[in-house]
Each structure stands twice: as structure tokens, then as C-alpha cells.
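>>> Model the structure of this input:
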Amino acid sequence: MSSYPPTDPALQTAGIAFIGAGNMGGAIAGGLAQSGHAPERISLYDTDAARANSVANAFGMRPARDAGDAIADADIVILAVKPQHITTALASLRAGLNAHKPLLISIAAGVSTANLAKHSGLGSACVRAMPNLPALVGAGVTGLFGTGLTGSMRAQASYVMGAVGEVVWLEDEQAFDALTALSGSGPAYFFALTEAMAAAGRELGLSNALAEALARQTLIGAGALVAGSSDSVTLLRERVTSKGGTTAAALDVWQAHPGLFELAETAMRAAATRSAELGAALEEGSA
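Numbering: from 1, shown residues only. Got it, this is the predicted structure:
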């Protein structure tokens, strides 16, 4: 995991352009401004001008009149558009990108670095990134991958994505499918478990409101405990599980065949397989 903020103060004055100011693009831009990046050095463009203006006005950033204007003074360009729009976006940006040679970071799921390099013309100055939903509240984790990057390029990418949470660098681009299954889709697993616990609480006689409140706060508290402890989750689980107690009785059911661990692996394999299928479909469509 990366440390934040970085030690190089020059990063906080780099020109950063966002192409796409939706939920994730806006969250990353806002995270940068809140972490100390000079807001006047951040430009935003979105086909929905009102959306770009809203984010820019909230933090004192510069709303751009078009994509070319956004990247004109950029050292780093973040592509925060939907995967199916990547090819069109890069076609409109290609001349400007090759004139200024910024670092290009794409958060479009399933779009490979090879396709980024091909359609941008930038070669190795491309980084593929995959943040997850908690990035919207600054608590995300982002997987990054790029080939042939300089140390300063890696620092720039870590700096940008570190503004919304932790950063990990992948050694193999194929690992994005596993990362998608674990951290990308992972928040939904916890939400689903919380839903199930609330439903069980209702079946046991609690009111709807109380069951929901208890399940939500238990999720929040457990996450806070993990975040504030250096102990492994295995040790934390053991500490709350007294032999022959209530937690042990529940966990015995969780571990009955096929068992929680086996179910988790099977489910995540399904997610990883689907990630690979979607990525392959995007590759074929942009060939």
C-alpha cells in the first residue's frame, strides 16, 4: 500500500486534467483539492457542462470549454469516461496528448494499457487504474498498472489515486480480474451480508428500523476496528469468538459445507471470469 501525502511538493502544483466529471472523476478531483493540490491547477471537462461546473465551483477548479482546452496545460490527464466511450474520447484528444505528452491515467474498467497506448499514441506513458466505490468517501483502494513507466510517472499516478484512498501497483495486468473480484466488487459483498443480517434480525423479532440500524452500525464498527488495529482479521475474529459461545454457534453454521471460505472463492471466481469476459469484449470492440 502507498503512503500519503507524497514527499515531493512539486506534485501539488502539477497541471491535472479530468475528462469526465461524474461520480468517480469528481471524487478524485475533490480528493486532490482537499488533500492540498492547487485547485486552480485542476481542469475539468464533461459532456454535461453543468456537472463539470458543479464540481469545479465546489473546489475552485477550472471548468474547461472542451476536452482540448482541459488538457492544454496538463502534466497528468485522467480519463474518467465509460469504457465504451474510451476510443471516441482518445480520438478527440490524440493530437493534444501527443503535443504535450502528459501521463495518461484511465479508470475505465476493462480497457487495457495496450489499447490506451494504441488509441492515444502515448506509448508507455499510460496507466490503467481501478478504484473501488469507497473512493467516493476517500476510503478506497486503487489497483494501478503500467509498463515502461519512469519513477516520476509512477509517483504521479500514486499521487492522483492516493487522494481517494490506498494504492497498490500490480505486476501483471492479468491481475486486474482478481482485483476486480476482490476489491472492485467487494463492497457489494459486505452490503449484501449486512442486508442479510438485518433481514435475519427482523425474523428474530427486531423492528425493521432497529434491525437495519444494528446491522449498519455493526458493519461500520467492524470496519473501523480493522482500520484501527494492526492485528490480522483472523486474530480479531478469534478474539470475539469464545469457545462454546454465541459467536461460535453462528460461525459453525457459516463454516458448514460448503462453508463460507469455499463460497467466497467460488463467488469471486465467477466475478473474475466475468471481468475477463467483459474486458475481452471491449478489446474486440476497439480493435
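>>> How many residues are close by residue 283?
Residues near residue 283, counting by other Cβ atoms under 10 Å, number 14. Bear in mind the C-beta positions are built from the backbone N, C-alpha and C, glycine included.
>>> Does it touch residue 115 like I think?
Yes: taking Cβ atoms under 8 Å as the definition, residue 283 is a contact partner of residue 115 at 6.5 Å.
>>> What sits closest to the residue most central in space within the chain if chain neighbours are left out?
Centroid-nearest residue in the chain, with Cα atoms, centre = their mean: residue 131, separated by 1.0 Å. Distances taken as Cβ to Cβ, 6 or more residues apart in numbering place residue 142 nearest to residue 131, at 4.2 Å, with adjacent residues excluded.
>>> quick one on the thing from earlier: measure the residue nearest to the centre of the chain to residue 94 for me?
25 Å (Cβ to Cβ, to the nearest Å).
>>> so residue 248 makes contact with residue 240?
No: with contacts counted by Cβ under 8 Å, residue 248 stays clear of residue 240, the gap being 9.8 Å.
>>> picking up where we left off before, could you point out which element follows the host helix or strand of the residue nearest to residue 131?
In this structure, residue 142 is located in strand 140-145 according to DSSP states H and E. Note on strand 140-145: by DSSP H and E, the next helix or strand toward the C-terminus is helix 151-162.
>>> Distance from the chain centre to that next one, please.
Centroid separation for helix 151-162 versus its chain: 15 Å, with Cα atoms, centre = their mean, to the nearest Å.
>>> ok, now stretch 85-102?
23 Å.
>>> Please point out which parts of stretch 139-150 sit buried.
For stretch 139-150, burial by neighbour count (16 or more other Cβ atoms under 10 Å) applies to 140, 141, 142, 143, 144, 145, 146, 149.
>>> May I see those residues organised as CSV, with pLDDT added?
Shown next, in CSV, are those (pLDDT from 0 to 100):
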residue, pLDDT
140, 97
141, 98
142, 98
143, 98
144, 98
145, 98
146, 97
149, 96
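>>> Make JSON lines out of these and add distance to residue 187.
Shown next, in JSON lines, are the buried residues of stretch 139-150 (distance: Cβ to Cβ, whole Å):
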{"residue": "140", "distance to residue 187": "9"}
{"residue": "141", "distance to residue 187": "10"}
{"residue": "142", "distance to residue 187": "13"}
{"residue": "143", "distance to residue 187": "14"}
{"residue": "144", "distance to residue 187": "19"}
{"residue": "145", "distance to residue 187": "21"}
{"residue": "146", "distance to residue 187": "25"}
{"residue": "149", "distance to residue 187": "28"}
